[in-house]
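**Q** Predicted structure and sequence below. I'll ask about it afterward.
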Amino acid sequence: MATKTPFEGNTKERRREAVKEKLQFSELALRHRIGVYGVVLLGLFPTFLTPLELDAFRPVLFFMMFAMSWDVVSGYTGQLSFGHAFFFAIGGYGSAVVTTQHGLPVIVGIVLATVVAALGGLLIGIPALRLEGPYLSLVTLIAPLLLYQTFILFSESLPLFAPQGLGGTGGLPTQPPQVVGFAQDALITVTGNMSWALGRYYTAFAAFLLVLAVCYAVTRSSAGTVFTAIREDENAVRSSGLNPAKFKIFAFVLAGAVGGFAGAMFVHAGGFPNTENLLGPGRIDLSIQVIIMAIIGGMGTIVGAVAGALLFALTTELVNALTFTIPVLGIEFAALDPLPTFLLAMLVLVYLPDGVVPEAIRRGRRMRARYRGEEVPEPEPTGGNSPVQSTIQKYREEINDIIGRDNK
Amino acid sequence: MVLDTILSAAFISALYAVIAIGFTLIFGVGGILNFAHGGFITLGAFSAYIASGYFGLPIFVGLLAGTLVGAAIGGATYLGVIRYVRTRPVTILILTFVIGFFMMYFVRVFGREILGIDPLNIPVDPVIGFSSFANDVFIFATSWLLIGALFYFVNYTRTGRAIIAVSMSDKGASLVGIDSERINLITWVLAGAFAGYAGVLLAGSLGGGSWLMSIEPPAPLVLSFAIVILGGLGSIKGSVVGAYIIGFFETFTVTFAPGGSQLAGISSLVLLLVFLLVKPEGLFGREAAE
């Protein structure tokens, strides 16, 4: 291929070439190759797990999607959202209501739910333009609580939208039609437990791949660069002629759509549409768990969200598997769930603030360099701050601004 | 009818003020939004249950136990965790959330597995048992007593003034020889004590605590956040005023609005959302702890 100056040749073709070059598997950086292997491994899980284990693992795929949805907006733009389950619940309830109470097909339900959740993103994104730091945290924190109260308020019936009501605290009365299931209303009707479990797993897995692809593509595109720039310095973004407001709203809408889509897929792939599944047993704790996952894995990386969700789930699983009795208290260790997981999350937050994935990449780089006999790279090869550091910086300035503190 | 409503609004507002004040203190002095506040409240109520319900001691002992445990947990949270991450506000924010949920789940696990009670219904008696009116008066009176004492402490004692100094500028404070580490610890202990005390009273007047009590209506965690924002982050005076605004607004909508009883717990949130969008700096914003 002859070298071309950037201004020569067909633009479309050059773009295609560039993308093709990037997708050459053998040319990928080691960490990307590990990532691809990981995703393939997730896809191969059904080959060595029993249907029961598969079913137990399926929620983890959804946690990954939820955490990615958080990472897109909060990890990248630094606008911390404390009530992300708002979107999941809108998506899950939305699709369930559309399919069970209006009798529309599953596909329509999922699309509509995604659109409605994207509108929810707009609803949060617009105040986010005016509000900073703690104020935004409060608005996002209130959102799922208000939603919860709405479910109770309209438990019997919500005229026009949900004629049979939102089910209150117990969740919706009927399980919505499945993508793959035994019943006739399922998109793909199957017989036999194995194909049913497989179908549900791969439904979730397909949704996961889609969400991963969308989040990855957007954050690695020029829009992702602007997101990062907003986190680092909003004025710099403004002075280069870009409108940060537009990108912030885009981030919120994208996160809302992704979260809503994941929530919708959740109820159509075996999950039950109730508040415990979509908002958490403590009403806001799913939102918080999602943040923990994304931060444990490493915020502002998308991949970190996936790894964090996996780690979180493994810890919970491990705790549940330990059934020995604690001597003094006389109860099983597993009964302590989720306390040990939370404790671990605290430790990671204190000691590994950048998250597991960036830390692993850094160590991996150093180890490889040593192995190859090259010069060991500097800890921060790109210069600048890590996502966590700059979000912290931003937040601290906002807080000092609010309480009028002078800490120069 | 109106008089009754005003009276009950005043009573509930007094309770809200006690709930919110600890949150304000920590934010005003350390610049930390302490989401573990809900956990302190829950643990306060739970300790009162252990002292009075489980061991059968009088409820006054329970009130004392709740307050002391709140203070101890507040101090322990600062010494054990927050101290090490003070320069990382986002980490703190999420950590306080994790700590708060840890405490809530602790109450759930401990209550269900070891004490064998329903963690959604932890019986805590009102402090004044024979009439709920007397109990309300007790809450109202002690609320003002405590707020007055706090005012006096912050404005007229050496330690209190040191707290104001740290809240204005911890570098400036350390230049004049104030140990900001100690001041922070004092605020956390105070805030924890207030939260524990409020937790016992709240559980008593609701007829029982719950592991979810900090986010169930009236959702003291969200409420204190709301009150503090309404009054202006970090201002004690502001949060007392904010507590009364929210208390009155909520009581009046619940009593007089059509279908109002269903609006409990929502109306104040909606008020807050409107307020945030119109006047986000709050009524008494940009004031240090006073």
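**A** Everything's here; your move. Numbering: from 1, shown residues only, chains lettered A, B, ... in the order given.

**Q** My understanding was that A:F205 contacts A:L41; is that so?
**A** No: the pair A:F205 / A:L41 is not scored as a contact, 11.4 Å apart, by CB atoms under 8 Å. Just so you know, the C-beta spots here come from the backbone N, C-alpha and C atoms, and that holds for glycine as well.

**Q** Who has more neighbours out of those two?
**A** Set A:F205 next to A:L41 and count neighbours by other CB atoms under 10 Å in any protein chain shown: A:F205 wins out with 18 against 9.

**Q** before we move on, what SS does the more buried one have?
**A** Put simply, A:F205 is helix when judged by DSSP: H, G, I helix; E, B strand; the rest coil.

**Q** Just the pLDDT for it.
**A** What the model reports for A:F205 is a pLDDT of 94.

**Q** what's the answer for B:G285, then?
**A** pLDDT, read off for B:G285, is 55.

**Q** if I read this right, A:R33 contacts A:Q24, doesn't it?
**A** No: at 11.1 Å, A:R33 and A:Q24 do not qualify as touching, with contact defined as CB under 8 Å.

**Q** Compare the two and say which is more crowded by neighbours.
**A** Set side by side, A:R33 and A:Q24 show more neighbours around A:R33, with 13 against 8, by other CB under 10 Å.

**Q** other SSEs contacting the helix or strand that one falls within?
**A** Assigned by DSSP states H and E, A:R33 belongs to helix A:30-48. Judged by 3 or more CB pairs under 8 Å, 6 or more residues apart in numbering or on different chains; DSSP states H and E, the packing partners of helix A:30-48 are helix A:51-70, helix A:193-220, helix A:356-372.

**Q** Give me the contact list for that helix.
**A** For helix A:30-48, contacts defined as CB atoms under 8 Å, 6 or more residues apart in numbering or on different chains pick out A:25, A:28, A:54, A:57, A:61, A:197-198, A:201-202, A:205, A:208-209, A:212, A:303, A:306, A:361, A:364, A:368.

**Q** Just the mean pLDDT for it, thanks.
**A** For helix A:30-48, the per-residue pLDDT averages 85.

**Q** near chain A, which residues of the stretch 101-250 of chain B?
**A** Those residues of the stretch 101-250 of chain B that sit near chain A, judged by CB under 8 Å from any CB of the partner chain, are B:101-102, B:104-106, B:109, B:113-114, B:167-172, B:212, B:215-217, B:219, B:222, B:225-226, B:229, B:233-234.

**Q** And those, which of them are buried?
**A** Buried members of those, counted by 16 or more other CB atoms under 10 Å in any protein chain shown: B:101-102, B:104-106, B:109, B:113, B:167-170, B:212, B:215-217, B:219, B:222, B:225-226, B:229, B:233-234.

**Q** Report the rounded mean pLDDT for the longest helix along chain B.
**A** With secondary structure taken from DSSP state H, chain B has its longest helix at helix B:2-30. Mean pLDDT, helix B:2-30: 88.

**Q** ok, now stretch B:165-180?
**A** Mean predicted lDDT for stretch B:165-180 stands at 85.

**Q** one step back: so for the helix holding A:R33, what gets flagged as buried?
**A** A:35, A:42, A:46.

**Q** distance of the first one from B:N34?
**A** Noted for A:G35: a distance of 37 Å to B:N34, by CB to CB, to the nearest Å.

**Q** how about stretch B:19-28, does it get close to chain A?
**A** Yes: for stretch B:19-28 and chain A, the contact criterion (CB under 8 Å from any CB) is met by B:27-28.

**Q** Run through chain A and note the low-pLDDT ranges.
**A** A:1-9, A:376-386, A:389, A:392-393, A:395-408 (pLDDT under 70).

**Q** distance of B:L201 from chain A?
**A** Separation of B:L201 from chain A (CB to the nearest CB, to the nearest Å) stands at 22 Å.

**Q** That residue: neighbouring residues, count only.
**A** 29.

**Q** these two touch, right, it and B:I139?
**A** Yes: at 5.3 Å, B:L201 and B:I139 qualify as touching, with contact defined as CB under 8 Å.

**Q** what's the overlap in contacts for these two?
**A** Common neighbours of B:L201 and B:I139 (CB under 8 Å, 6+ apart) are B:15, B:18, B:127.

**Q** the helices in the stretch 151-290 of chain B, which residues?
**A** B:158-168, B:170-175, B:180-206, B:220-231, B:236-256, B:267-278 (DSSP state H, counting those that start in this stretch).

**Q** most packed of those?
**A** helix B:220-231 (a mean of 28; mean count of other CB atoms under 10 Å in any protein chain shown).

**Q** Spatially nearest residue to A:L166 (excluding sequence neighbours)?
**A** A:F151 (4.5 Å; CB to CB, 6 or more residues apart in numbering or on different chains).

**Q** what number of residues lie near the one you found?
**A** With other CB under 10 Å as criterion, A:F151 counts 25.

**Q** do A:I249 as well
**A** 18.

**Q** how many neighbours does B:F151 have?
**A** 15.

**Q** Which positions in the stretch 101-250 of chain A make contact with chain B?
**A** A:127, A:130-131, A:134-135, A:137-139, A:141-142, A:145-146, A:149, A:152-153.

**Q** Got a ChimeraX select line for the buried ones in these?
**A** A single ChimeraX command selects the buried members of those (16+ other CB under 10 Å):
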select /A:127,131,134,135,137,138,139,141,142,145,146,149,152,153
